[in-house]
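Engineer: I need the structure of the sequence given here:
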Amino acid sequence: MPGGFRRKRARDEQRLRVDGNGLMAALIGAAGLEDAELVEIGLELDARAEGFDRQRRVGFGAPPIGKTDLRNTIQLAEQIRGAFGDVVVFGSGSLALGIRALADALAQAADPEDASPTVRLHVIDGFDTDAFVDLLARLDLPRTLFAVMGGRDDTLATMSHFVIVRDRLLRELGAVTYQRHIVIATDPNDGPLRQIVNDEGFCDLPLALGSEDGFTPLTAAALFPLACVGHDVAAIVAGAADMTERCRVRGEDGNPARLLATALLRGSTPSLQVVAASARARTLAYWLERRCAGLAADPSATHPALTIVLAVTPTEDDLTIPAAYQDLENVGYLRGQSLAALGEHARTAVEMAYWSAGQPTLTLTCPDLGPHVLGQLVQLVESACALARGVDAPSSTVAATAARLTFALAGRPGSEAERAVVQRLATKREARYVV
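Structural biologist: Numbering: from 1, shown residues only. Below is the predicted model of the structure:
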């Protein structure tokens, strides 16, 4: 079956690899895992995964996005690309960061044969007034689409940006035309944005923010702006589906999600750092750090700091260093070496430096930063985070409290108790400590 062999070889070449050698005691010493500990943690995580299978949990027993939702998302994006030059996403937290991370990583991966006009993507997350005002000044509103993403209890920034833009669209385009410039992704059943969709008839996409899965960049809503700018979101979903199959493995066979979850449980995730070898992967590394924060099995326990190395296999486009300064031994030895090989040396040296210091590492090696590989990476992280948590976890206490207090400061009805907390704390601020 030559064709089958070629397909298998192609899949293997596109496979994201997880290297857990840097977790083991044999390599890094006391901070590492013994083989028996690795097996014990694996059995516990397998039991959790079995529970997720029974629940048809996204990433385990169910695909990350249904075929109908994917088809509808792609069709809507194709319509958008013919009518708009800019797509602006209003979102928050992990979802907005995930969209930006994929967009940055895919910056050079759009279909070169696609002759449709270029669409620019902008992601607005949180309050950066200067950046938002500058963006509005540069946008051609008749050629701009706004994708508003939020759940039942939306963030203040998302709703504020939406109301400002809606007013400008109404005044410039009129009460009928302006609706075509807004797509809302929100909870299908409840929340202020759902009520707005029902009242005004905006085009909408499902965003199930009632559960942890709603924050993944693999929903129809999150993939929509990426499809608008020409990225192959079907390949992203295909990569995620391939990783889902790999994460179903139980027992002693390799399961990438189980290995990553083990690292997260044994590492100090509040001080987790992700080292990205490629500039295009830096936002992706930051998303990974944020997504995996606070996953230690026992927050009160002392865990070694974990470093995840996000490596990308060098491309075929390479440069060789020519002969120069041969009389200088600290320069001349570079003759004939390639930039890709030197980059690999630098990446390997990072691992070795942590191993020498007895600090655990996990290396995720991507064959490239194309859509299929990125789908694998996102699904791997989502699956591992679910395994490490065991159950859906709310946002961190500090983040959740900050969100409630922000609404209180803005005067939202029902926030009187939080407003009193803010006022009480504000009275304790002393001028003598401000210099």
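
Engineer: show me where pLDDT drops low in this structure?
Structural biologist: 1-11, 56-64, 108-117, 152-154, 208-215, 294-301, 390-397 (pLDDT under 70).

Engineer: how much space between the residue located most distally from the centre of it and L342?
Structural biologist: Distance from the C-alpha centroid of the chain, by Cα atoms, centre = their mean, peaks at D327 (48.4 Å). D327 sits 21 Å away from L342, going by Cβ to Cβ, to the nearest Å. The C-beta positions use only the backbone N, C-alpha and C, and glycine is treated the same way.

Engineer: thinking again about what came up before, next, the residue farthest from the centre of the chain: secondary structure please.
Structural biologist: Assigned by DSSP: H, G, I helix; E, B strand; the rest coil, the conformation of D327 is coil.

Engineer: With F127 instead?
Structural biologist: Relying on three-state DSSP, one would call F127 coil.

Engineer: just checking, it touches M159?
Structural biologist: No - between F127 and M159 there is no contact under Cβ atoms under 8 Å: 11.8 Å.

Engineer: neighbour count winner among those two?
Structural biologist: Neighbours per residue (other Cβ atoms under 10 Å) separate F127 from M159, with M159 holding more: 16 against 13.

Engineer: quick one: what helix or strand has the more buried one in it?
Structural biologist: Under the criterion of DSSP states H and E, M159 resides in helix 156-173.

Engineer: elements contacting that helix?
Structural biologist: strand 86-91, strand 120-125, helix 129-138, strand 144-149, strand 182-186, helix 397-410 (3 or more Cβ pairs under 8 Å, 6 or more residues apart in numbering; DSSP states H and E).

Engineer: Parallel or antiparallel, list what pairs with the fourth one.
Structural biologist: Right, strand 144-149. strand 86-91 (parallel), strand 182-186 (parallel) (DSSP bridges).

Engineer: from the middle of its chain, how far away would the first one be?
Structural biologist: Spelled out, that is strand 86-91. 16 Å (Cα atoms, centre = their mean, to the nearest Å).

Engineer: Now the element after it, going C-ward?
Structural biologist: Per DSSP H and E, the first helix or strand lying C-terminal to strand 86-91 is helix 93-105.

Engineer: ok, T269 touching C292?
Structural biologist: Yes - using Cβ under 8 Å, T269 makes contact with C292 at a distance of 5.6 Å.

Engineer: Spatially central residue in the chain, please.
Structural biologist: Nearest to the geometric centre of the chain sits G98, at 3.0 Å (Cα atoms, centre = their mean).

Engineer: returning to that earlier point: CSV for the helices and strands packed on helix 156-173, including mean neighbour count?
Structural biologist: Converted to CSV, the helices and strands packed on helix 156-173 look like this (neighbours: other Cβ atoms under 10 Å):
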stretch, mean neighbour count
strand 86-91, 25
strand 120-125, 20
helix 129-138, 12
strand 144-149, 25
strand 182-186, 25
helix 397-410, 14
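
Engineer: got CSV for those, with distance to P371 too?
Structural biologist: Output for the helices and strands packed on helix 156-173, formatted as CSV (distance: least, Cβ to Cβ, whole Å):
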stretch, distance to P371
strand 86-91, 17
strand 120-125, 15
helix 129-138, 26
strand 144-149, 19
strand 182-186, 20
helix 397-410, 30
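
Engineer: looking at those, which is closest to L334?
Structural biologist: L334 lies closest, by Cβ to Cβ, to one member of the helices and strands packed on helix 156-173: strand 120-125, at 38.8 Å.

Engineer: Next, the angle from the closest one to helix 129-138.
Structural biologist: On the basis of axes from the mean of the first three to the mean of the last three Cα atoms, to 10 degrees, strand 120-125 is oriented at 150 degrees to helix 129-138.

Engineer: what's strand 120-125 packed up against?
Structural biologist: Using 3+ Cβ pairs under 8 Å, 6+ apart, strand 120-125 sits against strand 86-91, helix 93-105, helix 129-138, helix 156-173, helix 220-228.

Engineer: mind redoing it with 6 Å?
Structural biologist: strand 86-91, helix 93-105 (3 or more Cβ pairs under 6 Å, 6 or more residues apart in numbering; DSSP states H and E).

Engineer: Could you pull out the strands in the stretch 251-400 of the chain for me?
Structural biologist: Under the criterion DSSP state E, counting those that start in this stretch, the stretch 251-400 of the chain contains strands at 273-276, 307-312, 361-366.

Engineer: so who does the closest residue to V274 other than its chain neighbours touch?
Structural biologist: Among residues not flanking V274 along the chain, A285 sits closest, at 3.9 Å (Cβ to Cβ, 6 or more residues apart in numbering). A285 is in contact with 274, 276, 310, counting by Cβ atoms under 6 Å, 6 or more residues apart in numbering.

Engineer: Just give me how far the longest helix seen in the chain sits from the chain centre.
Structural biologist: In the chain, taking DSSP state H as the definition, the longest helix is helix 35-55. Averaging C-alpha positions (Cα atoms, centre = their mean) puts helix 35-55 24 Å from its chain's average.

Engineer: same thing with stretch 321-331?
Structural biologist: With Cα atoms, centre = their mean, you get 42 Å for stretch 321-331.
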